[in-house]
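Student: Dropping a prediction and its sequence here:
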Amino acid sequence: MLSVKYIQKAYFHRPILKSISFEIQLGEVVGILGKNGAGKTTLLRMISGISSLDKGSISFFDNPVESGNIHPRKSLFYIGHAPGLYPNLSAVENLRLAQSLRNAQPKEDDILNILKSVQLTKQIHEPIKVFSQGMLQRLKLALCELIPWDILLIDEPFAGLDTQGISLTEEKIQKWTSPEKSILMVVHDMDWAISHCNRIMVINDGKIGLDEPTKTKSSQIQEYYKGLMG
């Protein structure tokens, strides 16, 4: 489904990703781990088409993912650190706009029900610039519920969340896990990733240092990651 081949990226002549290759099939939930600055976020942004490649190629269902080719990107949905929303608009207005940009007819009842499902029922008609980080994270979950996707790229889904928010996010990820969909996410908790992902990739020195299934290789993953992180 998703094919990444020999991609490279450098910033100010400093190599970040040196040669990254992997494939992701339908139904996989893949955790990306690595040290800070390893290039995890850069990788997701390149796959989504937001950041350009220096070298290599990315394709989705055999269609190249690039800035000038919109079609394959319609089934990719990227949620990054920043909300990617408009701070002066309300939660309802932002979700309504997100649907419109995807050529979907906004339905007010659907939007309100989804906001309720992520436990956002207060201040939803106020500008989201008054939202806490945890509230913004819940709003990202609402976007993932509202926008159709085949592969979800999500960067640090638990950032800024309290215990209740973490449990809610885990429930959503479990709900989204499906033979017809794939999830690729950057996480920092190796034990959580082993428990909730069926595959783990670790980026080390600009390359894939480890890429293993969690079901049969959990001990090797733990040993490698603990050695990497010191």
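Tutor: It's in.
Student: ranges for the helices of this structure?
Tutor: 40-48, 91-101, 108-117, 133-146, 163-176, 190-196, 214-229 (DSSP state H).
Student: looking at the ones you listed, which is closest to residue 13?
Tutor: Of all the helices of the chain, helix 40-48 sits nearest to residue 13, with 15.1 Å by C-beta to C-beta. Quick note: C-beta positions are derived from backbone N, CA and C, even for glycine.
Student: quick one: average pLDDT of the closest one?
Tutor: The average pLDDT for helix 40-48 rounds to 94.
Student: now the protein, which segments are flagged as low pLDDT?
Tutor: Applying pLDDT under 70 to the chain flags the ranges 66-73.
Student: Just list the residues touching residue 1, thanks.
Tutor: Taking C-beta atoms under 8 Å, 6 or more residues apart in numbering, we find residue 1 in contact with 23-26, 60-61, 150-151, 182.
Student: rerun that using 7 Å as the cut-off
Tutor: The contact partners of residue 1, by C-beta atoms under 7 Å, 6 or more residues apart in numbering, come to 24-26, 60-61, 182.
Student: can you tell me how far it sits from residue 83?
Tutor: For residue 1, the distance to residue 83 equals 27 Å [C-beta to C-beta, to the nearest Å].
Student: Can you tell me the centre-most residue of this protein?
Tutor: Closest to where the C-alpha atoms of the chain average out (C-alpha atoms, centre = their mean) is residue 154, at 1.2 Å.
Student: So that residue is in contact with residue 77, correct?
Tutor: No - here residue 154 does not reach residue 77: they are 8.5 Å apart, not a contact under C-beta atoms under 7 Å.
Student: quick revisit: now do the contacts for the residue nearest to the centre of the chain.
Tutor: Listed by C-beta under 7 Å, 6+ apart, the contact partners of residue 154 are 79, 183, 185.
Student: so it bridges to which residues?
Tutor: Beta-bridge partners of residue 154, counted by DSSP bridges, are residue 79, residue 185.
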